[in-house]
Structure formats: C-alpha cells, structure tokens
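Asker: Fold the stuff below for me.
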Amino acid sequence: MGRRKKAFSLYVRRVIRPGKKTPVKVYYYRTYDEHGHRTPGRSTGKETVPAAEQYCRQLQAAGQLLTGPLDMEEPESKIPTLSAWAASEHWWRWGECKYLRRQLNRSDESRPAVSRRYADDARRDLRLWLLPYHGEKRLDEITAKDCEELLAAWQDKGLSRKTINNKASIYRIMLGEAERLGIIPRASSPWARVEGFKPTPHAKGILTMDEARALLNPAKAATIWKDNHLYYSASLLASVTGMRLGEILALQRSDLFPDHVHVGASWGKLGLQPTKTKRVDDIPLPSFVFQTIMTWCAWKGFIFSFQLGERPANGNRVNDALSAALEKIGITAEERTRRVLSFHSWRAFANTYMRAAGISGDKVRQLTRHASEEMTEHYSAFRLEDFKDVAEAQDALVASFSEESAKK
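Answerer: Coordinates of the predicted model:
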C-alpha cells in the first residue's frame, strides 16, 4: 500500500513585492485532485516554512485549502524558468556551456568566436544582474515590460549605458537561443521589442608630437623613464605601430624581426588570448626600435618580461611607468585625468601621425588592425612589402625623437 500523501506541499519562489526592488522568498502550496495529480500552486504570502504551514493548516481546518491567490505558473510546464534554463545549459561556464561550445566549434580555431574573458564576464553578470531579478520567471512569461523595468532598475543602480547594454546583450543571447531551439515559441523573445541605450561617447586621450618627442627622446630615457629600458621600449613600440598594450605584452622573441613584428595574440588576466579583433598581422618595424629592444632583451620567451621571458610584465606597471614619465615632462595627474591619457593614447597618436604623414586610410586601418570584419577582409590583401611608405613614415618619426635630442 502506497504512502498517503500530505494534504499539501510547499515550494518557494523569489518574487519582487510591489514597491520593492529586490526579490524575497515567498512560499507557495500545492494540493492534489481526485486522481492524485498536483494542482497549480497558490501563494501563502509567507516568507518562512512555519508561517506557510500554519497558514495552510488554518485553511484546511476551515475547508478552504484550495482558496487564495493562484500562482499562474503550471508546475508541470515543460518551459523552464530562467534559473532552470541557466542551469540545464550551463550558461557561460567555460568548457561546459552548450551555447559556447557550439559557437567555438563553428569558428576558426585561430579566431575563436568567443573569448574566455567574455564568457567569465557573462557568467558573473548572469549571477549578479539577471537571476536575482528574473530567475524565477518562466521563459515564456518574461515580457517586454519586464525587460524595460529591468533596464530601469539597472539605471537606478548607477550603471552606465554601455554597461547596461552589455548585460542586456547577455540576456538577449540566452532568450534568443531558447527561441531558436524551440524552448519557447517563435517571436516570443521580449528583447526583440526592447531597444538598447545609445552609449555616451567615450573620450580617448591623445599625446601631441612635442610630448611624444619629450617622452621618447633616447638621450633622456634614463631620466624620464628612470633608466628602465623595458618601459621605454614598450611606449616606443606603441608609438610607431599603434599596438595595444596586451598585444605588446604577448610578444615573444620569435615574433620580433629586424623589419617587422608579428602580432597574433594578446596578454591579459586569462593569459594568452587572441587579439581583440582576432586578427594575425605582420606590422612594419623601424630598425631603431628593433635595435633598442635587442640591447636589453637577451632571452627567449616573452620580450617584455622581468622574469627572463617566462611571464610578461604587469600591464598596470607599464601604465604606471608612463604616468610617471608624463609627470616628469610636466603633465600632472589632474591633466592626465582631464585629457584621459593612458598607454592607449599611443594608439591614437600613431593613427594621427600616419594620417598626417599622408598614409592612406586603408593602410592606417591595416596597421592598427581595424575591428570591422568587413574592413579586415578588405585589407587582408595587403602584404608587408606593400607598406614601404608606412615604414618610411615610421623611420621619420623615430628619427625625429633623436633629432629632438640633437637640438638640445
């Protein structure tokens, strides 16, 4: 003989109370019909198990156990909640997420569709910014209004427009994939009816030619850079190539040649990764820059290293060294903040210099590895020997650094 079922059972859901912004646990109860099947859940309105059980017993004693606000979710529904969908698909877990595996399997191994850092950031956003708000909502019950209210809640938390768009993008992908796989009906993803925010333009600092000459004057390197050839060389390389800091830190001795540098990776928190645009390029390099690096780099492995090539230097320290050098030439911390000056400013400097030197926009975009896929394909026809004019412009630039020394 089977065990007799209790008259009711409890389960918990996270709900946002009217006028509140953070979800709380509320207990619901289910009963059973004449066939022994569970009935739809109903709210007790209580936030603890003892209070919910007492509420149900009082209803049972009064013969009113099936009354009370109806929980519109059907417990037996095959459509999962956002939390259940995140768990079943291992969303954004590197090496486990089904979506990521599909994306990576379909992309070129040398240019993976998704980076580990992106996946880790998305997983963090899912845990901190999506599930606490909509985790207990069933996928087909999430509305455009819910999404609009979520964007407003993020704004109230002080998040920037760009940050909000990034988090919404994670959510869009998840519900879009649920729709594509038939988990929810077609055209039911609410994000298709919710517009993103227009991001606030981000100012990018740029160094002037006079400032570049003052910083990179080889005769003054010992004073300006405290005789640290590694930091000086990193800025020198960035000034003539427009390379990103992560790309410079990722360079190994096998990537450096007398007339060019091979750019195919970036170094960051997760170690070696593809470049930001997933491109692999050979960039012209002035002989002076090659020789400068070779005067102090006598090891294999990573070039910009304080551990004899075993591991790259810390990016923050490279940035700090540039800040200290800027201070030496009279640019205060307040001015650096106002002008948004950082190591990335060398990238803008290189771009501006090349355009002023008469280098075509096509070649400048190739030199700086333009992010647009369309542009990437368009400029991929260029070969290193096609960049003679770029090399000449680079030589003129580094020569001007030494000329500044002669003038003094």
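Asker: so what's W267 up against?
Answerer: Residues in contact with W267, defined by CB atoms under 8 Å, 6 or more residues apart in numbering, are 246, 249-250, 273, 302, 312, 315. Where C-beta positions appear, they are placed from N, C-alpha and C, glycine not excepted.
Asker: In helices, which of those fall?
Answerer: 246, 249-250, 315 (DSSP state H).
Asker: Quick check: PyMOL command selecting the buried ones in the contacts of W267.
Answerer: Filtering the contacts of W267 down to the buried ones (16 or more other CB atoms under 10 Å) takes a single PyMOL command:
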select buried, resi 246+249+250+273+302+312+315
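Asker: Now pLDDT and distance to R123 too, for the contacts of W267, in JSON lines please.
Answerer: Shown next, in JSON lines, are the contacts of W267 (pLDDT from 0 to 100; distance: CB to CB, whole Å):
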{"residue": "G246", "pLDDT": "94", "distance to R123": "21"}
{"residue": "L249", "pLDDT": "96", "distance to R123": "25"}
{"residue": "A250", "pLDDT": "95", "distance to R123": "24"}
{"residue": "Q273", "pLDDT": "85", "distance to R123": "17"}
{"residue": "F302", "pLDDT": "96", "distance to R123": "29"}
{"residue": "P312", "pLDDT": "95", "distance to R123": "26"}
{"residue": "G315", "pLDDT": "93", "distance to R123": "23"}
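Asker: ok, the contacts of W267 vs A86, which is closest?
Answerer: Q273 (24.8 Å; CB to CB).
Asker: How about the contacts made by the closest one?
Answerer: 115-117, 246, 265-267.
Asker: Looking at the ones in helices among the contacts of W267, spot the one nearest A399.
Answerer: Using CB to CB, these come closest to A399 at L249, 26.8 Å.
Asker: Against F306, how distant is the closest one?
Answerer: 11 Å (CB to CB, to the nearest Å).
Asker: Mutual contacts of the two, please.
Answerer: A313.
Asker: Pull out the buried members of the contacts of Q273.
Answerer: 115-116, 246, 265-267.
Asker: In helices, which of those fall?
Answerer: 116, 246.
Asker: okay if I get the buried ones among the contacts of Q273 as a markdown table plus distance to V340?
Answerer: Output for the buried ones among the contacts of Q273, formatted as a markdown table (distance: CB to CB, whole Å):
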| residue | distance to V340 |
| --- | --- |
| S115 | 25 |
| R116 | 28 |
| G246 | 19 |
| A265 | 27 |
| S266 | 21 |
| W267 | 23 |
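Asker: ok, so of the buried ones among the contacts of Q273, who is nearest T163?
Answerer: Using CB to CB, these come closest to T163 at S115, 18.1 Å.
Asker: tell me the pLDDT at that closest one?
Answerer: At S115, the predicted lDDT confidence score is 85.
Asker: Next, the contact list for it, please.
Answerer: Contacts of S115 (CB under 8 Å, 6+ apart): 270, 273-274.
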